[in-house]
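**Q** below are the sequence and a predicted model for it; my questions follow.
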Amino acid sequence: MENFFKLKENETTVSIEVMAGVTTFFAMSYIIFVNPAILSLTGMPSQAVFLATLIASAIGTLVMGLFANVPYAQAPGMGLNAFFTYTVVFALGFTWQEALAMVFICGLFNIFITVTKIRKLIIKSIPELIQHAIGGGIGVFVAYIGIKNAGFLKFTSETPNIQSVNNASFDAAATTYKGGITSVVTDGNIIPGLVDFTSKGTLLALIGLIITVVLIVLNVRGAVLIGIIATTLIGIPMGIVDLSAISDPDNSLGNAFSELTVTFGAAFGSEGMQALFSDVTRLPLVLMTIFAFSLSDIFDTIGTFIGTGRKTGIFTAEDEAALDNSSGVKSKMDKALFADAIATSVGAIFGTSNTTTFVESAAGIGAGGRTGLTSVVVAVLFLLASFFSSLIAIVPTQATAPSLIIVGIMMMSSFLEIKWDDLEEAIPAFFTSIFMGLAYSISYGIAAGFIFFVIVKVAKKKTYEIHPVLWISTGLFILNFIVLAFI
């Protein structure tokens, strides 16, 4: 073990690495509850997503530890799972099987650019300010989803502003709707407001948010997970949590494996890969969606590696230089990126959205983790967690909403790297980050940022600062909007 993980060389011990692994696991274990809650909204079986989350996390993290020998853990990424559900499935109209197919292709694409110099071109083409804005913007998006799921907001729309009800043109004279009202689309004149906090669900979410915030600021290990558990327990006497779900055979580990047969390989079935490319008119939209998946995944991972690895010495200056200048899988960072890319495709096969390197790995690194042994410990803990599948059924949305808000706040730290007093940076950064939340779409935020970056640079006669790849990407985004306008 000493020779394989090079513990002495990295100035660490087995006990330190084990403790670091436990710390990282509890810092990110909320994803075990949150990911099924988000992806199941698409119609995916919740227990299947639970197992897929654990399997993808364990495999990805194990490869990270054994192949790259770095203390980073992987799991389905926050923000990317929201993009999967709310943008790709709900807004763009793809099925969850088609979305899984795109995630699988995204993983293959990331593997390809990791072993070639294409990665260098993509990384170099995206302005640093846009990279920071993407990270902060995903935080805005995730936090907004948490606020919405907590039930803190209400939206008011006047009758003239309602465009459709149940996907049909709105008729103000209609007094009844067959099957009830399932969806309402209104224009931009909708007015958001704060609820009056009279419902039990909203109150529970508020209590959970307060608990989680207190634990976080006190630097309690596993604060997010503790917050989820505490909120769930408080929800029992409030009548929101149904304990009978624990003994329900449908929520057993055996049933979870049974449900996994629904999602396993679904990306390649008739409703997945085959359906995805059956309509040529959707091809531009498909390619842009895969591009959005890949772009977010790539920069989430690179940002985590550089942000934490540079300070601790996990990644050296030579590793960063190799990332830019070499091809193949040679340096430690190359191997870590390769492990990250593999995990995405593996996750799609089992039935979950992009598996990516978690920034919460910084918790374990802060506890002294310096080698892949930390990752191996995390992977083992993910596998052990599979025996608690029945508990996933009783965790209410109000318990996971605070974790989304807190994680979103943490991700907003990227905004510190943007010069907000310089409008050349502020304008593209604003449209990138804020549009992610307001448009409920990571890809639309990236598109807005690219477009306004080009506009600003053209206006300032600094077109030489626009990378050719960025010109192409911006053109594809504009083309995508034109196609959507006529669909």
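**A** Sure, I can see it. It should be emphasised that the depicted structure is a prediction, and the values quoted were computed from it without experimental measurement. Numbers count the residues shown, from 1 in each chain.
**Q** and Phe84, what does it touch?
**A** By C-beta atoms under 8 Å, 6 or more residues apart in numbering, the residues touching Phe84 are 38-39, 42, 96, 99, 103, 353-354. Bear in mind the C-beta positions are built from the backbone N, C-alpha and C, glycine included.
**Q** same question but for Ala399, I mixed them up
**A** By C-beta under 8 Å, 6+ apart, the contact set of Ala399 is 33, 204-205, 208, 227-229, 231-232, 235.
**Q** make it 7 Å
**A** When the contact criterion is C-beta atoms under 7 Å, 6 or more residues apart in numbering, the partners of Ala399 are 208, 228, 231-232, 235.
**Q** backbone phi and psi for Phe197, please?
**A** When quoted as degrees, to the nearest 10, the phi and psi of Phe197 stand at phi 60, psi 50.
**Q** tell me, how many residues neighbour it?
**A** When neighbours are counted by other C-beta atoms under 10 Å, Phe197 registers 11.
**Q** nearest residue to it in space, please, no chain neighbours.
**A** Leu203 (6.0 Å; C-beta to C-beta, 6 or more residues apart in numbering).
**Q** could you pull up the mean pLDDT of the strand or helix carrying that neighbour?
**A** Counting by DSSP states H and E, the element that carries Leu203 is helix 200-217. In this model, helix 200-217 carries a mean pLDDT of 94.
**Q** for this protein, what helix or strand is lowest in average pLDDT?
**A** Sorting the helices and strands of the chain by mean pLDDT, DSSP states H and E puts helix 317-325 at the bottom, at a mean of 67.
**Q** and the next helix or strand past that one?
**A** Using DSSP H and E, the helix or strand that follows helix 317-325 towards the C-terminus is helix 332-350.
**Q** centre of the chain to that next one, how far?
**A** Here helix 332-350 is found 15 Å from its chain centre; the criterion is C-alpha atoms, centre = their mean, to the nearest Å.
**Q** elements contacting it?
**A** The criterion is 3 or more C-beta pairs under 7 Å, 6 or more residues apart in numbering; DSSP states H and E, and the helices and strands that helix 332-350 contacts are helix 46-63, strand 74-76, helix 96-114, helix 283-312, helix 317-325, strand 355-357.
**Q** winner for burial among these?
**A** With neighbours defined as mean count of other C-beta atoms under 10 Å, the helices and strands packed on helix 332-350 peak in mean count at strand 74-76, which reaches a mean of 32.
**Q** low-confidence ranges, the stretch 101-250 of the chain, go.
**A** Along the stretch 101-250 of the chain, segments meeting pLDDT under 70 span 119-120, 123, 167, 182, 245, 248, 250.
**Q** okay, strands next: where are they in it?
**A** 153-156, 162-165, 168-169, 184-186, 191-194 (DSSP state E, counting those that start in this stretch).
**Q** nearest approach to Ile342 belongs to which of those strands?
**A** Ranking the strands of the stretch 101-250 of the chain by proximity to Ile342 (C-beta to C-beta) places strand 153-156 first, at 38.9 Å.
**Q** picking that back up, can you give me the buried ones in the helix holding Leu203?
**A** Residues of helix 200-217 classed as buried by neighbour count (16 or more other C-beta atoms under 10 Å): 201-209, 211-213, 215-216.
**Q** which residues are contacting it?
**A** Applying C-beta under 7 Å, 6+ apart, the contact partners of helix 200-217 are 150-152, 195, 197, 223-224, 226-227, 230-231, 234-235, 238-240, 398-399, 401-403, 405-406.
**Q** rerun at 6 Å
**A** Contacts to helix 200-217, defined as C-beta atoms under 6 Å, 6 or more residues apart in numbering, come from residues 150-151, 195, 197, 223, 226-227, 230-231, 234-235, 238, 240, 398-399, 401-402, 406.
**Q** restricted to buried residues, select these in ChimeraX.
**A** A single ChimeraX command selects the buried members of these (16+ other C-beta under 10 Å):
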select :150,151,223,226,227,230,231,234,235,240,398,399,401,402,406
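**Q** please list the members of the contacts of helix 200-217 that lie in helices.
**A** Judged by DSSP state H, those include 150, 223, 226-227, 230-231, 234-235, 398-399, 401-402, 406 as members of helices.
**Q** distance to Glu424 added to these, as CSV?
**A** CSV is the format used below for the ones in helices among the contacts of helix 200-217 (distance: C-beta to C-beta, whole Å):
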residue, distance to Glu424
Ala150, 37
Ala223, 38
Ile226, 43
Gly227, 40
Ala230, 46
Thr231, 44
Ile234, 48
Gly235, 48
Gln398, 42
Ala399, 43
Ala401, 37
Pro402, 37
Ile406, 32
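**Q** and the helices and strands packed on helix 332-350, which one's lowest on average pLDDT?
**A** Least confident of the helices and strands packed on helix 332-350, judged by mean pLDDT, is helix 317-325 with a mean of 67.
**Q** wait, a helix at Ser278?
**A** No - under DSSP: H, G, I helix; E, B strand; the rest coil, Ser278 falls outside any helix and is assigned coil.
**Q** and it, how close does it get to Ser270?
**A** According to C-beta to C-beta, to the nearest Å, Ser278 and Ser270 sit 9 Å apart.
**Q** re the thing from before, now for the strands of the stretch 101-250 of the chain, which one comes closest to Asp319?
**A** Smallest distance to Asp319 across these (C-beta to C-beta): 43.9 Å, for strand 153-156.
**Q** that closest one packs against which elements?
**A** Contact partners of strand 153-156 among helices and strands, from 3 or more C-beta pairs under 6 Å, 6 or more residues apart in numbering; DSSP states H and E: strand 191-194.
**Q** alpha carbons of the strand it packs on, as CSV, please.
**A** C-alpha atoms of strand 191-194 as CSV (Å, rounded to 0.1, in the frame of the first residue of the first chain):
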residue,chain,number,x,y,z
ILE,A,191,-44.4,38.6,-10.8
PRO,A,192,-42.4,36.6,-8.3
GLY,A,193,-43.1,37.0,-4.6
LEU,A,194,-42.4,35.5,-1.2
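**Q** and the contacts of it?
**A** Residues from elsewhere that reach strand 191-194, judged by C-beta under 6 Å, 6+ apart: 153-156.
**Q** could you dump the helices and strands packed on helix 332-350 into JSON lines with distance to Leu384 added?
**A** Converted to JSON lines, the helices and strands packed on helix 332-350 look like this (distance: least, C-beta to C-beta, whole Å):
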{"stretch": "helix 46-63", "distance to Leu384": "9"}
{"stretch": "strand 74-76", "distance to Leu384": "15"}
{"stretch": "helix 96-114", "distance to Leu384": "26"}
{"stretch": "helix 283-312", "distance to Leu384": "25"}
{"stretch": "helix 317-325", "distance to Leu384": "32"}
{"stretch": "strand 355-357", "distance to Leu384": "19"}
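**Q** looking at those, which is nearest to Thr175?
**A** Closest of the helices and strands packed on helix 332-350 to Thr175 is helix 96-114, at 35.0 Å (criterion: C-beta to C-beta).
**Q** what lies in contact with that closest one?
**A** With contacts defined as C-beta under 6 Å, 6+ apart, helix 96-114 is touched by 42-44, 84, 88-89, 119, 266-267, 271-273, 275-276, 289-290, 293-294, 337-338, 341, 344-345, 348, 353-354.
**Q** distance of Lys457 relative to Ala401?
**A** As judged by C-beta to C-beta, Lys457 and Ala401 stand 39 Å apart.
**Q** please disregard the earlier target; I meant Leu337.
**A** Taking C-beta to C-beta, one finds Leu337 at 32 Å from Ala401.
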